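> Build me a model:
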Amino acid sequence: MIATVAAFALSFLVSLALETLPPSTQAMRAPWRVVTLRLTLHVVAFALAFALSWRPWHAALVVCVATFLAAAGSGMKRNILGDPLTFSDGALVRNAIRHPRLYYAEKLAEPRALAVFAVLIVATTLWFSVEPSVFPSGGSFILLGLPPAIALCAFAFLRLDAAGRFAQEVVELPPDPNRDVARFGLVSTLILHALAWRSVARPSPAAAAAAAALPTPRHPKAGPAVIVAIQIESFVDLAARGVAGPRLPAFERLKNEALCWGRCRVPAEGAYTMRSEFGFLTGLPSDVLGLDAFDPYLTVAPYAARAIPRLFLASGRRTTFLHPYDRRFFDRETLVPQLGFQRFIDGEAFANAERCGPYVGDVAVAEAIAAEAAAAREPLFLFVVTIENHGPWGPGRLPETDDPAKQYARHLVNADRMIARVAEALADVPGGAALCVYGDHAPARTLHPGLPDRGATDYLLWSTREKPEARRAREDIAVDELGRRLLTLG
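Now for the predicted structure:
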């Protein structure tokens, strides 16, 4: 018993220190009630680890190693994407298993990673031979259920309404994971955010007011017959920011004729496509979403009633979502209809399409858009999500070069070719057409680390029905504002 208590106490202190790298006392300085929540989770983790072997010091090691790996992963994520781990990242594990390339998870199958796993297995075997089990000799098998029961009781405590209310009191909105990790520690922040997210009523009054304020779209006869919006993967005009990159002649030409153009502020950097996508399709600013802003696709239903596709549908437009990839990704298979789309054209329609690297090429997507526009017999809203320029970039991606920056540039050129082809097709649409293009987020920090204004991509809104006499001044707007502007197109 003494060894178990000592192992538990020491592992708690060590795990708190390991939440930062290098280790520090930062997490120990959180408010005492926050530390109590953190201690409760430690009870859950230690009891489950102890239940596997009845070896207290091995359980302590498992918990400390798990904390270290979480801290290391959080630090790596911050270096690549600018933010630490968030509670909602757990929902992405399923996607990482299905599509390891998108999440760099293929590296887990590399020899170095496999060697680490092998060392852990050998070390565990050796540890078991050194530390004896503390399971009582001749003890009843009923005792085997004691550690899981303790873990279950501690977990039930975390699910109490009182714990959720406390978390809502402590977490400041809009949430800032970097601020909260500095204040509470990594694991406590994950707990607090998860408890507050689980307990909150949605939509918030601010979100409900923002949704109610969305303009009613014009009748299709008073606007373009076809409206196409393209969310381009990792699209940033490098040259316009003074970074070495390719010229984008089609994008530049359309800016001369655009209703508006400039930088598009997005709630993500290097990843989290769903944040920009949700903001555009609902017209809701991320700061009215509270903790839902981390992954708004986890809670679509409360926000879907006045989503922009639904408003277009109610006005008499057909609505189509096009994404040349697995429709299950981000649970789009379920969420796309909720948002108001009648059709979902997914990767199966591109089984024989041209690829550029591992993904369906933007040029193939352009031809699909042109075909949809030409076939439209009723007013249409077509929303497109590309994937060609999705990371990772590096050796083996393109046959002509292994340089990540050159690969990214090649994909930007293809995106520009797509823009040119779509604009050409829309110019022939009877009744006129509008084209909106924007990037979902800047590339990860591993690519062009000196890129300025990484919280913004580039956008333009162009119409065949209205051509300004002269190029309009640059106008920087948020992605949700860009979505709202579609509703007022004339």
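
> need the contact list for Leu13.
Met28 (Cβ atoms under 8 Å, 6 or more residues apart in numbering). Glycine gets a C-beta too; all of them are placed from N, C-alpha and C.

> Now the phi/psi pair for it, please.
Main-chain torsions, Leu13, degrees, to the nearest 10: phi -70, psi -40.

> can you check Gly432 too?
Torsion angles, degrees, to the nearest 10, at Gly432: phi 90, psi 160.

> The residue nearest to it when sequence neighbours are not counted - how many residues pack around it?
Setting aside the residues directly before and after it, Gly432 is nearest to Arg465 in space (Cβ to Cβ, 6 or more residues apart in numbering), at 3.8 Å. When neighbours are counted by other Cβ atoms under 10 Å, Arg465 registers 14.

> Over to Cys356?
Neighbours of Cys356 (other Cβ under 10 Å): 19.

> Same question for Ile121.
10.

> Where does the closest residue to Asp453 other than its chain neighbours sit: helix, strand or coil?
The spatial neighbour of Asp453 that comes closest, neighbours along the chain excluded (Cβ to Cβ, 6+ apart), is Arg263 at 6.5 Å. The three-state assignment at Arg263 reads strand, by DSSP: H, G, I helix; E, B strand; the rest coil.

> my read is the residue nearest to Gly432 is in a strand, agree?
No. Counting by three-state DSSP, Arg465 is not part of a strand but coil.

> Isn't it up against Pro224?
Yes. Using Cβ atoms under 8 Å, Arg465 is in contact with Pro224, at 5.8 Å.

> Now list whatever residues contact both of these two.
Here Arg465 and Pro224 have Gly432, Ala433, Ala434 as joint contacts, going by Cβ under 8 Å, 6+ apart.

> So the last one, which state does it fall into?
If I follow you right, that is Ala434. strand.

> quick one: contacts for the closest residue to Asp416 other than its chain neighbours?
Closest residue to Asp416 apart from its sequence neighbours, by Cβ to Cβ, 6+ apart: Leu248 at 4.2 Å. Neighbour list for Leu248: Asp237, Ala239, Leu412, Val413, Ala415, Asp416, Ile419 [criterion: Cβ under 8 Å, 6+ apart].

> quick one: low-confidence parts of the stretch 101-250 of the chain?
101-110, 113, 138-141 (pLDDT under 70).

> Please report phi then psi for Val200.
Dihedral angles (degrees, to the nearest 10) for Val200: phi -70, psi 150.

> What is the neighbour count of it?
Val200, neighbours per other Cβ under 10 Å, totals 18.

> Hmm, Ala293 and it touching each other?
No. Shown here, Val200 and Ala293 do not form a contact pair, counting by Cβ under 8 Å, at 11.8 Å.

> Could you give the separation of stretch 163-177 from the chain centroid?
Distance of stretch 163-177 from its chain centroid, counting by Cα atoms, centre = their mean, to the nearest Å, is 21 Å.

> Strands along the stretch 301-450 of the chain, start to end?
318-322, 343-345, 355-356, 359-360, 380-385, 433-439 (DSSP state E, counting those that start in this stretch).

> can you put these in JSON lines and add distance to Arg179 and mean pLDDT?
Formatted as JSON lines, the strands of the stretch 301-450 of the chain follow (distance: least, Cβ to Cβ, whole Å; pLDDT from 0 to 100):
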{"stretch": "strand 318-322", "distance to Arg179": "35", "mean pLDDT": "98"}
{"stretch": "strand 343-345", "distance to Arg179": "38", "mean pLDDT": "98"}
{"stretch": "strand 355-356", "distance to Arg179": "40", "mean pLDDT": "96"}
{"stretch": "strand 359-360", "distance to Arg179": "35", "mean pLDDT": "97"}
{"stretch": "strand 380-385", "distance to Arg179": "31", "mean pLDDT": "98"}
{"stretch": "strand 433-439", "distance to Arg179": "26", "mean pLDDT": "98"}
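
> So for Arg98, which of those strands sits nearest?
strand 359-360 (14.8 Å; Cβ to Cβ).

> circling back to that earlier point, specify the beta-bridge partners of the residue nearest to Asp453.
Asp458 (DSSP bridges).

> Spit out the contact partners of it.
Asp453, Ala456, Thr457, Asp458, Tyr459, Arg474, Asp476.

> PyMOL command to pick out the buried ones of the residues you listed?
Restricted to buried positions by 16 or more other Cβ atoms under 10 Å, the PyMOL selection for the contacts of Arg263 reads:
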select buried, resi 456+457+458+459
